[in-house]
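Asker: Got a predicted model here, sequence first, then my questions.
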Amino acid sequence: MKTLNQSDKKYLLDLIRDVKDFPKPGIIFKDITTLLSNAKAYNFLIDHLAQRYNNLDIDFIAGIEARGFIFGAALASKIGKSFVPIRKPGKLPYTTISEKYSFEYGIDEVEMHIDAFKCKKDRPKVLLIDDLIATGGTATAAVNLINKVGAECIEACFVLNLTFLQGDKEIKKTTNVYSVLEID
Ligand code: AMP
C-alpha cells in the first residue's frame, strides 16, 4: 500500500510546530494546527490517506477525540465510510463502554457507544485514526474497545509516530500500525 516519499514527508513535517513544555514541563507538544491551517497540506494529507484506504475492505472509520476526529471524519467522508467517535468520558449520550489507559502525560479513559458498529456484518472491519502515537496507550485502549463490541480493528493509522517512545510496538500487539510521518 502507498506510503509517502521523503520529500513529501519533509513538506508535511515542516508544517507541524513544536511547542515546548505543553501541557506539562518536559513535553514537546506536536502542534498540528499549523498543518491544518495550510489548505494545500491538509488536502494533500487526506488525499494520501484516501489513496491508501480507498480500496481496502473497511466498514467504519473510528477517530479518537479530539484530533483523530479532524483526520478520521475528513477521510470517512472522502472515501464514503461511516464515522464513529471514540470520546473522553461523559461526552457520549447513549449507553457506552469504556477502557482506562495511561499515556505520555497522564491517565485517562476512552468511551464508545455500545452499538457504534451496528451493521449487517457479523464482525465489521474498523480503521482507527488518531493524530499521534506517543506511548501507544490511547490507541491500544481504543483497539480494545473496538474488539470488545465484536468488531475487528484492521489497522491503526496516525499522522505522526514519535518512534523514540516505541508506542507502535505496544499497538502492534493488537493491530497493524501505519504512520504517515515519523520523528526519531
Ligand atoms: P499515547 O497514548 O501516549 O500514545 O498518546 C497519544 C495521545 O496523546 C494522542 O491522542 C495525542 O494527541 C496525545 N499526545 C501525546 N503526546 C503528545 C505530544 N507530544 N504532542 C501532541 N499530542 C500528544
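Answerer: Received, thanks. Only a predicted model underlies this, so the values are computations on that prediction, with no experimental measurement involved.

Asker: Would you map the helices across this structure?
Answerer: Here the chain has its helices, by DSSP state H, at 6-13, 33-36, 39-53, 67-79, 137-148, 167-171.

Asker: residues near residue 55, how many?
Answerer: The local packing of residue 55 (other Cβ atoms under 10 Å) involves 9 other residues. The way it works is simple: take the backbone N, C-alpha and C, and place the C-beta from them, glycine included.

Asker: Would you mind measuring from it to the ligand?
Answerer: Noted for residue 55: a distance of 27 Å to the ligand, by Cβ to the nearest ligand atom, to the nearest Å.

Asker: per-residue pLDDT, that residue?
Answerer: On pLDDT, residue 55 comes in at 91.

Asker: quick one, phi/psi of it?
Answerer: Backbone geometry at residue 55, expressed as degrees, to the nearest 10, gives phi -100, psi 10.

Asker: Contact residues of this structure facing the ligand?
Answerer: Within the chain, the residues that sit near the ligand (Cβ under 6 Å from any ligand atom) are 27-30, 64, 67, 103-104, 130-138, 167.

Asker: filter the residues you listed to the buried ones?
Answerer: Among these, those buried by neighbour count (16 or more other Cβ atoms under 10 Å) are 29-30, 64, 67, 103-104, 130-138, 167.
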